[in-house]
Structure formats: C-alpha cells, structure tokens
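Asker: 3D, please:
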Amino acid sequence: MADLKRCREMMEEVMRLFARRLYKALLARAGEGSEWSPEAAGGRRIPLLAAAGGGAYYFLRAVEERGQATVSEVAADLGVTLAAVTTLAKKLARAGWVTRQRDERDRRVVWLALSPEGKRVFAAVEAVRGEVFCRYFGSLDEREVETLISIMDRVRVKLTEEGWEGEERK
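Answerer: Sure, this is the predicted structure:
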C-alpha cells in the first residue's frame, strides 16, 4: 500500500506540474502578441487558465466532440450537475465561446455548441497542450510509452466499468 500511496502522490504532482507548464506556455503565447493576447475581439478578456485546463477545458472538449450537445449530455459526460453545466455555459457564452439555443420542440432543452471563437480557442489550447505533452513525455522510449498506455487503459476500463458510487455497472 505504501507504493500505491507514493504512486498517487507522484501522479498528482505530475498533473500539477503539467498544469503549471501548460499555463506558462499559454502566457508566453499571450506575451508574443499572438491570438492569445489577453483581450479577445470585442474587448472580452480571455481566461487563459480556464481555457487550458479544469472545468472550462473539459466542457469545451465535450461540446467539441459532440458537435452540439444538450446541457444534460454535457453534465453526463463530465459527471457533474446540470446546474454546474448551466453556470459554466452562461459564462462561456458571455465570453463568446459557446452558443446556447433552446430546442424549438421542447423549450426546456438547451442546445450548446462552440462558436467560431470557441472553436478557435479550443484548437489553440489543444495545440499548446499537445506541445507541452510532447515536450515532457516525448523522451520516453517506445516500450515506456506502450507500458504507460497499457496502465492508463487498465485504469480507464476500471473507471468506466463503475457507476457514480463505485458500484459495478450492469
């Protein structure tokens, strides 16, 4: 068990450090006067850290993967409440990254999609995430990468087999 505790601590530290390096990479881009300047079109401030990781990133990714999604679908994908998705959708809509549209047949249903600006921000964040990942994991040899993939796949399968409460899915 001590080894598992050490493994957990190491994974958490790697994730923390990765998030910090990612944020630094995005700030460096902002400093270069690129599309990552802190001011977006129309004077809206781009929350760089929110776009790079955490809830906003996974929200944008969930909507991007589906193309268009309901609030309920995003909540299910992320394992969060409808209220959490609604709150974040409103914030990202105000930033100009997400569009929200009521379903014509059922006004209770809200459809979410990435705006052109949201697609651009998401693509740019994905590119930076890929660059940072390659910088720190690119030194692994092929065997190490295969081992890491195998370990992560086993953990992923175990996580997806279980429901919300850690109960086996039927």
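
Asker: contacts, neighbours, all on C-alpha from now
Answerer: OK.

Asker: which residues in the protein form helices?
Answerer: 2-31, 48-52, 54-66, 71-78, 82-94, 116-137, 142-161 (DSSP state H).

Asker: distance of the residue nearest the centre of the chain relative to Met1?
Answerer: Nearest residue to the geometric centre of the chain (C-alpha atoms, centre = their mean): Tyr58, 2.6 Å. Tyr58 sits 31 Å away from Met1, going by C-alpha to C-alpha, to the nearest Å.

Asker: tell me if I'm right that the residue nearest to the centre of the chain and Asp77 touch.
Answerer: No: if you go by C-alpha atoms under 8 Å, Tyr58 and Asp77 don't touch, sitting 9.3 Å apart.

Asker: ok so, going back, out of the helices of the chain, which gets nearest to Glu104?
Answerer: With respect to Glu104, and counting by C-alpha to C-alpha, the nearest of those is helix 71-78 at 15.2 Å.

Asker: mind listing what's buried in stretch 92-101?
Answerer: 92-93, 95-100 (16 or more other C-alpha atoms under 10 Å).

Asker: for Val110, which non-adjacent residue is closest in space?
Answerer: Arg102 (4.5 Å; C-alpha to C-alpha, 6 or more residues apart in numbering).

Asker: pLDDT weak spots in the protein?
Answerer: 30-53, 163-170 (pLDDT under 70).

Asker: tell me the domain ranges of it?
Answerer: Residue ranges for the structural domains of the chain, counted by automatic domain parsing, are given in the record as 18-139, 142-170.

Asker: okay, the ones you listed, which one's buried deepest?
Answerer: Mean neighbour count (mean count of other C-alpha atoms under 10 Å) peaks for domain 18-139 among those, with a mean of 16.

Asker: what does stretch 121-133 contact?
Answerer: 18, 21-22, 25-26, 51-52, 57, 60-61, 97 (C-alpha atoms under 8 Å, 6 or more residues apart in numbering).

Asker: go on, stretch 89-108?
Answerer: With C-alpha under 8 Å, 6+ apart, stretch 89-108 has contacts from 44-46, 56, 109-119, 121.

Asker: which of these lies closest to Gly138?
Answerer: The closest of the contacts of stretch 89-108, once distances to Gly138 are taken by C-alpha to C-alpha, is Val121, at 24.6 Å.
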